[in-house]
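This is a predicted model, with the sequence first.
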Number of protein chains: 2
Amino acid sequence: MADKLNAGAELMELLRAGELLASCGNVLSWDEQTVMPPGGAAHRSEQLALLAGLAHDRRVDPRIGELLSLLQNDAGIEPLSDLGVTVRESRRLYDRHVRLPRRLVSELSRVTSLAQQAWVEARRENRFEGFRPWLEQVVRLKREEAEALVRPGEELYDALLEDYEPRMTSREVAEIFAPLRRELTLLVSAIDSSGHKLPVDLVHRSYPVASQRVFVKHAAAAIGFDFQRGYLAESAHPFCSGIGPGDCRLTTRYDERALNTALFGVLHEAGHGIYEQGLREECFGLPPGQAVSLGVHESQSRLWENLVGRGRPFWRHFFPLLKQTFPGTLDGVAEDDFHAALNHVAPTFIRVEADEVTYNLHIMLRFELERALLGGNLAVSDVPEAWRQLFQNYFGRTPATDRDGCLQDIHWSAGLFGYFPTYTLGNLYAAELMAAARGQISDLDSQFARGEFGELRAWLRESIHRQGRRYAPRELIERAIERPVTAEPLLAHLWGKFGELYGISRPAVA
Amino acid sequence: MADKLNAGAELMELLRAGELLASCGNVLSWDEQTVMPPGGAAHRSEQLALLAGLAHDRRVDPRIGELLSLLQNDAGIEPLSDLGVTVRESRRLYDRHVRLPRRLVSELSRVTSLAQQAWVEARRENRFEGFRPWLEQVVRLKREEAEALVRPGEELYDALLEDYEPRMTSREVAEIFAPLRRELTLLVSAIDSSGHKLPVDLVHRSYPVASQRVFVKHAAAAIGFDFQRGYLAESAHPFCSGIGPGDCRLTTRYDERALNTALFGVLHEAGHGIYEQGLREECFGLPPGQAVSLGVHESQSRLWENLVGRGRPFWRHFFPLLKQTFPGTLDGVAEDDFHAALNHVAPTFIRVEADEVTYNLHIMLRFELERALLGGNLAVSDVPEAWRQLFQNYFGRTPATDRDGCLQDIHWSAGLFGYFPTYTLGNLYAAELMAAARGQISDLDSQFARGEFGELRAWLRESIHRQGRRYAPRELIERAIERPVTAEPLLAHLWGKFGELYGISRPAVA
């Protein structure tokens, strides 16, 4: 018993120390994307590669393997206790980490840091050719990584997906996506042929950036992001980074003539931040105190961004405040019209500017392409053309430039293959969670209309945040919603909301 | 020969790797002081302690000792070559590092990180008692550090001074300070009894912060700080941090009604930054590519801040630009009057707000106190009273609060004992360098009046920046000025400048 206690304590200490080191890298990455001058890029890539290598060394410490072997055969450990969860999840990750050569870990860190810089430039100059050699290197290294990790019967892609959505396969993703794609396409064309136009120009008036800063910070604090334990900065590519207990960072970007950009960007990132801030601080670095998957993470950001922030009740509270913040800009504008303007649906070339309806189609396109890249069925040099063809298939048009096409996202330059599908999984999970919360809390909409979000947040905190990695991601959601996950709540939400806005209705048999 | 080459290359690789790791800590410290939310303090102190411990491990790697022993007995290595300098200086530092227990290094990092947070709060609340236990811990740990490092015949204080001004003793500092103090006191009373008042209100008009930001950034770029390889942020306590090649960070703070604060603050930090940016990038982490001492570092900041930035020719160029930047604020104000206002002399309680004349007296006071603290002749609990008494001696008045007294500086909370004297050494060195540059470049003032600073910067680059640690700090200065260092150029500068502004003259026998 004493032995087991000691072994458990020692294991946790080793795991914590590894994550403490990794969290130093998070600070450096945050800094790189928010303030680092261009001249610092080369040195930064060396720093990050060093930290990645050191963190890897700790994660594959043979002593962790010994302690795990000792503990996992101990029938006295309750599987769902903190120690039980720690042993189970650490085993899974340890077994992955030890299969990665240290050289590959450092190399990936170094190359992706430089590739991101190359991507920034290639995107600015709209020149895929400048990025191609870097993407080739990244794909080669990620394939090497996947080959080291892949299990019998899996696709290479599955081995990478596991990093972001543990225990989900690309076949399952494809199965979830196929019917969703069919019905989203129906919805898009129903909206298109409705002839209905929402007054979208309302959100493209002049919204001075200084006032936007004040408003979005207020909104993020209102839904529950704690600025005593968090910070909001600007970066070219918005993200959320949990540095550690008491320190969670958000970024956004501002566009004076596009209110949605920072507004929904910040609600989105604040949703991620509320998850991070809701983790059990005393379990920092241990599975019971870690976010369970990116899909679940994304469910939190999408829930606050789309299901709360783009909803009618939210604006009952915030519209008067918005009018005050931008004096004169929205005089005489009705709340309903403003809400409609926020929710205008129109296909865009750029994913991060997409509306709630078309967004998931952007994800499906990327999922197809990266699965093909990893599977060896698509060469990097053919990516621009493949993107154009697929975009035509999905959206019925073709981007004129690679900047509006395959150069738009940071992910591939950063080596994040397998990440994209979690965005759509997040949308599905978010709709499921919101439907369940509505079932359990009767007057959510009136709470939102009064600017009160605490009860929903508390429900999410208990159902999701404080659970850490106790359950597999899908199981965690299904426990919270008390039924199996399907696409139905998302589709019901979209048809309901956009049906009303565009005066259309869902076909009886979709 | 091949062995020696290999040993040299291996040594440099090991040193570089240690400094690369240490430079990660610099990013975390920068972040802590510029953006980190309050809630992140505890985690940050753990991160910094971890990195400090790891960097220490690398610095005391026994392999470095072996390589040094191999190389330092090799008569074939030119002592002033890059390798020769690397071996000499690494030996000095290695011998210091191996005497420090790892526990002490981590503990100092952890405690000073928390002590800084406690100091911020104690200063805000003007409550020394809240800081006292932390300062006691820091003093205890620094004494322990000094005891581990001190050499026979030295004071404990010398062992700490060595970190900032290698090869200088506290006795030498005291010898330099004594006559300087006598003559500065004379100058202060001459100014005081001149009855002359400079139009200081001109710099306390309303200077909107947004325009100050533009102006100071322009000024920093004009003297040669490269913003492609650098960044300027805001922090409560201005500083400069060289992260690594191509990445140097400055901070400042703004006060709408005190133009001098950010203006000279930024010229000062930019002076540090120009030194950092002038180091040999290819020698990152190695003595030939490192700043030689804080005194020499401070000579660069003081030179640009005081001897260039507070000078008459500088404002010939910048005054019209300043008027444009703040339309209406300085209408009808003569250049001479504005320059006089910038240089108003008046004793203040706060060091960082001090003018060029009284500044050094603030330093001497701190030097006395910290030397007594380290020597065991002053208890931490007696610091507030000792500060008041000494301030009375130096300035003829007494601060009413500890916030205006012993709580004003961050240094002691950060464990930086031995740091203060380098500020005054920097002032001495700066005056020496400027006098020498004037001797070698005939029309410096007309260059400044045209907004041209390149020739002075190039002279400093060759004489100081590119020399790294080739020579001891004082020797480096004496090689540049081609004579022994004395206080005379500083005194001649101060009497000359303030004699003219206040209509006084230097007594024949000072």
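Nice, I can see it. Numbering: from 1, shown residues only, chains lettered A, B, ... in the order given.

for chain A, what are the low-confidence residue spans?
Low-confidence regions of chain A, defined here as pLDDT under 70, cover residues A:1-2, A:509-510.

Around chain B, which positions in it sit nearby?
Proximity of chain A to chain B is confined to A:17, A:20-21, A:23-24, A:27-28, A:30-31, A:34-44, A:46-47, A:50-51, A:54, A:226-231, A:233, A:243-247, A:249, A:284 under the rule CB under 8 Å from any CB of the partner chain. Every residue, glycine included, has its C-beta placed from N, CA and C.

at 7 Å instead, please
Residues of chain A found near chain B, taking CB under 7 Å from any CB of the partner chain as the criterion, are A:20-21, A:23-24, A:27-28, A:31, A:35-40, A:42-43, A:46-47, A:50-51, A:227-231, A:233, A:243-247.

ok, of the residues you listed, which come out buried?
Members of these that pass the buried threshold by neighbour count (16 or more other CB atoms under 10 Å in any protein chain shown) are listed as A:20-21, A:23-24, A:27-28, A:31, A:35-37, A:39-40, A:42-43, A:46-47, A:50-51, A:227, A:229-231, A:243-247.

Give me the subset of these that lies in strands.
Secondary structure from DSSP state E places A:230-231, A:243-244, A:247 of these in strands.

Can you show me the helices along the stretch 101-250 of chain A?
With DSSP state H, counting those that start in this stretch applied, the stretch 101-250 of chain A shows helices at A:102-125, A:128-149, A:156-164, A:170-193, A:209-223, listed in chain order.

Any idea which of those helices gets closest to B:Gly76?
For the helices of the stretch 101-250 of chain A, distance to B:Gly76 was read as CB to CB. The smallest value, 35.1 Å, belongs to helix A:102-125.

what sits up against that closest one?
The set of residues external to helix A:102-125 that reach it, using CB atoms under 7 Å, 6 or more residues apart in numbering or on different chains, is A:41, A:44-45, A:48-49, A:52-53, A:56-57, A:128, A:130-131, A:134, A:137-138, A:141, A:144-145, A:403, A:407, A:410, A:413-415.

What residues sit buried inside that helix?
Under the neighbour-count criterion of 16+ other CB under 10 Å, helix A:102-125 has A:104-120, A:122-123 buried.

And stretch A:348-363, by the same measure?
Neighbour-count burial for stretch A:348-363 [16+ other CB under 10 Å]: A:349, A:351-363.

And stretch A:127-135, by the same measure?
Neighbour counts over stretch A:127-135 (16+ other CB under 10 Å) mark A:128, A:130-132, A:134-135 as buried.

and that stretch, C-alpha only, in PDB?
Coordinates of each C-alpha in stretch A:127-135 appear next as PDB, following Å, rounded to 0.1, in the frame of the first residue of the first chain:
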ATOM      1  CA  ARG A 127       3.100  32.400 -53.700                       C
ATOM      2  CA  PHE A 128       2.500  28.700 -53.000                       C
ATOM      3  CA  GLU A 129       5.900  27.900 -54.500                       C
ATOM      4  CA  GLY A 130       7.700  29.600 -51.600                       C
ATOM      5  CA  PHE A 131       5.800  27.400 -49.100                       C
ATOM      6  CA  ARG A 132       5.900  24.100 -51.100                       C
ATOM      7  CA  PRO A 133       9.400  22.900 -50.000                       C
ATOM      8  CA  TRP A 134       8.500  23.600 -46.400                       C
ATOM      9  CA  LEU A 135       5.200  21.800 -46.600                       C
END
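
I'd like the distance from it to the chain centre, please.
On the basis of CA atoms, centre = their mean, to the nearest Å, stretch A:127-135 is displaced by 25 Å from the centre of the chain it belongs to.

Likewise for stretch A:429-441?
Centroid displacement of stretch A:429-441 relative to its chain, using CA atoms, centre = their mean, is 19 Å.

Can you name the residues in contact with it?
Counting by CB under 7 Å, 6+ apart, stretch A:429-441 makes contact with A:295-296, A:299, A:302-303, A:306-307, A:444, A:455-456, A:459, A:477, A:480-482, A:485, A:489-490, A:493, all of which sit outside it.

hmm, which of the residues you listed are the buried ones?
Members of the contacts of stretch A:429-441 that pass the buried threshold by neighbour count (16+ other CB under 10 Å) are listed as A:295-296, A:299, A:302-303, A:306-307, A:444, A:456, A:459, A:477, A:480-481, A:485, A:489-490, A:493.

Just give me the closest of the buried residues of stretch A:348-363 to A:Pro199.
In terms of CB to CB, no member of the buried residues of stretch A:348-363 lies closer to A:Pro199 than A:Asp355, at 14.6 Å.

Please report how far that closest one lies from chain B.
32 Å (CB to the nearest CB, to the nearest Å).

Ok, A:Pro320 next?
29 Å.

mind checking which helix or strand that residue is in?
helix A:312-325 (DSSP states H and E).

what is the orientation angle of that helix with helix A:209-223?
Computed by axes from the mean of the first three to the mean of the last three CA atoms, to 10 degrees, the angle separating helix A:312-325 from helix A:209-223 equals 140 degrees.

Give the other helices and strands that helix A:312-325 contacts.
Applying 3 or more CB pairs under 7 Å, 6 or more residues apart in numbering or on different chains; DSSP states H and E, one finds that helix A:312-325 contacts helix A:209-223, helix A:335-342, helix A:444-449.

and the second one, how far out from the chain's middle?
In other words, helix A:335-342. On the basis of CA atoms, centre = their mean, the separation between the geometric centre of helix A:335-342 and that of its chain is 27 Å.

And the last one, by the same measure?
Using CA atoms, centre = their mean, we find the averaged C-alpha position of helix A:444-449 to lie 26 Å away from the chain's own average C-alpha position.

tell me which strands and helices that helix is in contact with?
Counting contacts by 3+ CB pairs under 7 Å, 6+ apart, helix A:444-449 packs against helix A:312-325.

between the helix it packs on and helix A:335-342, how many degrees?
Direction vectors for helix A:312-325 and helix A:335-342, defined by the same axes, to 10 degrees, enclose an angle of 100 degrees.

Mind listing what's buried along helix A:312-325?
Of the residues in helix A:312-325, those buried under the neighbour-count criterion (16+ other CB under 10 Å) are A:312-319, A:322-323, A:325.

Next up, the contacts around the nearest residue to A:Arg403 once chain neighbours are set aside.
In space, A:Arg403 comes closest to A:Asn126 once its chain neighbours are excluded; the distance is 4.3 Å by CB to CB, 6 or more residues apart in numbering or on different chains. When contacts are counted by CB under 7 Å, 6+ apart, A:Asn126 is found next to A:401-403.

any idea how far A:Ala41 is from A:Asn126?
In this structure, A:Asn126 and A:Ala41 are 21 Å apart, going by CB to CB, to the nearest Å.

ok, now which ones touch the residue of the stretch 401-510 of chain A found nearest chain B?
Using CB to the nearest CB, A:His465 is the residue of the stretch 401-510 of chain A that sits closest to chain B, at 16.3 Å. If a contact means CB under 7 Å, 6+ apart, then A:His465 has A:275, A:278-279 as its contacts.

could you measure it against B:Val111, distance?
Plainly put, A:His465 is 33 Å away from B:Val111 if you go by CB to CB.

Kindly report the same for A:Leu444.
Note on A:Leu444: its distance to B:Val111, by CB to CB, is 48 Å.

just A:Tyr254 next, same as before
A:Tyr254 sits 40 Å away from B:Val111 when distances are taken as CB to CB.

Show the contacting residues for A:Leu50.
Remark: with contacts taken as CB under 7 Å, 6+ apart, A:Leu50 is in contact with B:20-21.

try 10 Å this time
A:25, A:28, A:106, A:109-110, B:17, B:20-21, B:23-24, B:54 (CB atoms under 10 Å, 6 or more residues apart in numbering or on different chains).

what do you get for A:Asp82?
By CB under 10 Å, 6+ apart, A:Asp82 lies in contact with A:8, A:12, A:280, A:282-283, A:286-289, A:468, A:470.

Make a markdown table from those residues and add secondary structure to it.
Output for the contacts of A:Asp82, formatted as a markdown table (DSSP: H, G, I helix; E, B strand; the rest coil):
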| residue | secondary structure |
| --- | --- |
| A:Gly8 | helix |
| A:Met12 | helix |
| A:Arg280 | coil |
| A:Glu282 | helix |
| A:Cys283 | helix |
| A:Leu286 | coil |
| A:Pro287 | helix |
| A:Pro288 | helix |
| A:Gly289 | helix |
| A:Gly468 | coil |
| A:Arg470 | coil |
